[in-house]
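S.K.: Please work out how this folds:
(chains A, B, C and D)
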Number of protein chains: 2
Amino acid sequence: MKAPASAPAQGSAAEPQEPRWLTHEEQRVWRSFMEGVTLLDDHLDRQLQRDAGMPHVYYGLLVKLAEAPRRRLRMTELAMLAKITRSRLSHAVARLEKNGWVHREDCPDDKRGQFAVLTDEGLQVLRQTAPGHVEAVRQAVFDRLSPEQQKSLGEIMRIVAEGLQPTEAGADLPWLR
Amino acid sequence: MKAPASAPAQGSAAEPQEPRWLTHEEQRVWRSFMEGVTLLDDHLDRQLQRDAGMPHVYYGLLVKLAEAPRRRLRMTELAMLAKITRSRLSHAVARLEKNGWVHREDCPDDKRGQFAVLTDEGLQVLRQTAPGHVEAVRQAVFDRLSPEQQKSLGEIMRIVAEGLQPTEAGADLPWLR
DNA sequence: GGCCATTTGTTTAAAGTTCAAGGAGGGTCC
DNA sequence: GGACCCTCCTTGAACTTTAAACAAATGGCC
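M.R.: Predicted coordinates for the structure are as follows:
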């Protein structure tokens, strides 16, 4: 049954529409996804915590820094690359700094700015732990998927990521906010 | 070039083998995956925190309970279903109990055991917030993927999840542990 | 029954994350 | 210059997660 004739142009107000529930099949997909992600995340977190003494996210930060021009990035840029908030990054860098793997440096151009710089020790930790990490990723993911599946996964997650990228000027619900 | 002839039967010791680095293409897949997951997780967490006053994981617990026979599950079973540790569950249930959405009940058969039971209030919160949540999931994922991609995603993540399931008697590294 | 390993669930503290607030510099407009 | 708003990054408190330790109960096993 449809909405009563008195319904407005539709799709404008809150969203009292009929919920678009997931079909049985969609549910199965969604649950597999969530389970896989949860298990994988925990697995990698534990692997890195054990072998590198830091969570996966922190490891990712070191990687980004290692790839950056002078092994340094502005805090905001690093936060964006890593898809985390600046606040979270501040805390994370503070911790990595204590470990001696990163240090902060003032930005000459902008006195508000800070660079996070990967130290030599940081780079070394990365070198030592990278093999173990790739291996874990391989065993958990790539070794189990066909080339087509790998390609597919890349495409799919690229789409999902794009849809959620900041500047969500997309088809979101900018109203009701 | 292969390993020197003096190499042992191979694949037995630690893993001083040559690291199996990711190819450029594999890296792209992996990064898209991690980005997508990070963004999606944050998005849903914020959505539920805002609309339901709890993180995504907690919401998932309520869902599992709602689907269980008498809206109740043993702690260990719930933990396994939700893929989280018992410790984490203990904390989570404590919090949900404070909200009045879950309450604990002793298990008659096993005096160590506890049931987590979804309360009427809990069920109601679920009913009220489920539409918003599905909508968020749809917009972020299903609306953007073709039916084939959805199917593919399900298969892929099912494989990944299976590989990491407890009872990792699989092709893991039971040695080196 | 008594012993012992295992299972169940909780607890504690430390670590990590989130949220809201805030200090400080930069940029613009008058 | 000064008012004003925005960006950059940090901070502290509240909350969540992790890791390790633990008490209680169970289930063999002798």
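
S.K.: can you pull the contacts of the residue in chain A that DNA strand D sits nearest to?
M.R.: Residue nearest to DNA strand D within chain A: residue A:76 (2.9 Å; Cβ to the nearest atom of the strand). C-beta coordinates here come from the backbone N, C-alpha and C atoms, glycine included. Neighbouring residues of residue A:76 by Cβ atoms under 8 Å, 6 or more residues apart in numbering or on different chains: residue A:86.

S.K.: Let me know the pLDDT of it.
M.R.: Looking at residue A:76, its pLDDT is 97.

S.K.: ok, now residue A:16?
M.R.: With respect to pLDDT, residue A:16 has a value of 66.

S.K.: Can you report how many residues lie near residue A:41?
M.R.: 19 (other Cβ atoms under 10 Å in any protein chain shown).

S.K.: Output the below-cut-off pLDDT ranges for chain A.
M.R.: A:1-16, A:167-177 (pLDDT under 70).

S.K.: need the strands for it, in chain order.
M.R.: Here chain A has its strands, by DSSP state E, at A:72-74, A:102-106, A:114-118.

S.K.: so of the ones you listed, which one's packed in deepest?
M.R.: strand A:114-118 (a mean of 22; mean count of other Cβ atoms under 10 Å in any protein chain shown).

S.K.: is it anywhere near DNA strand D?
M.R.: Yes: using Cβ under 7 Å from any atom of the strand, strand A:114-118 reaches DNA strand D at residue A:114.

S.K.: Could I get the strands of chain A in a markdown table, plus columns for distance to residue A:126?
M.R.: Shown next, in a markdown table, are the strands of chain A (distance: least, Cβ to Cβ, whole Å):
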| stretch | distance to residue A:126 |
| --- | --- |
| strand A:72-74 | 15 |
| strand A:102-106 | 11 |
| strand A:114-118 | 8 |
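
S.K.: Save the ones you listed as TSV, and put in distance to chain B too.
M.R.: Output for the strands of chain A, formatted as TSV (distance: least, Cβ to the nearest Cβ, whole Å):
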stretch	distance to chain B
strand A:72-74	16
strand A:102-106	20
strand A:114-118	18
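
S.K.: Just list the residues touching residue A:121, thanks.
M.R.: Applying Cβ under 8 Å, 6+ apart, we find residue A:121 in contact with A:99, A:100, A:101.

S.K.: what's the closest non-adjacent residue to residue A:163?
M.R.: residue B:144 (5.4 Å; Cβ to Cβ, 6 or more residues apart in numbering or on different chains).

S.K.: From residue A:160, how far out is that neighbour?
M.R.: For residue B:144, the distance to residue A:160 equals 7 Å [Cβ to Cβ, to the nearest Å].
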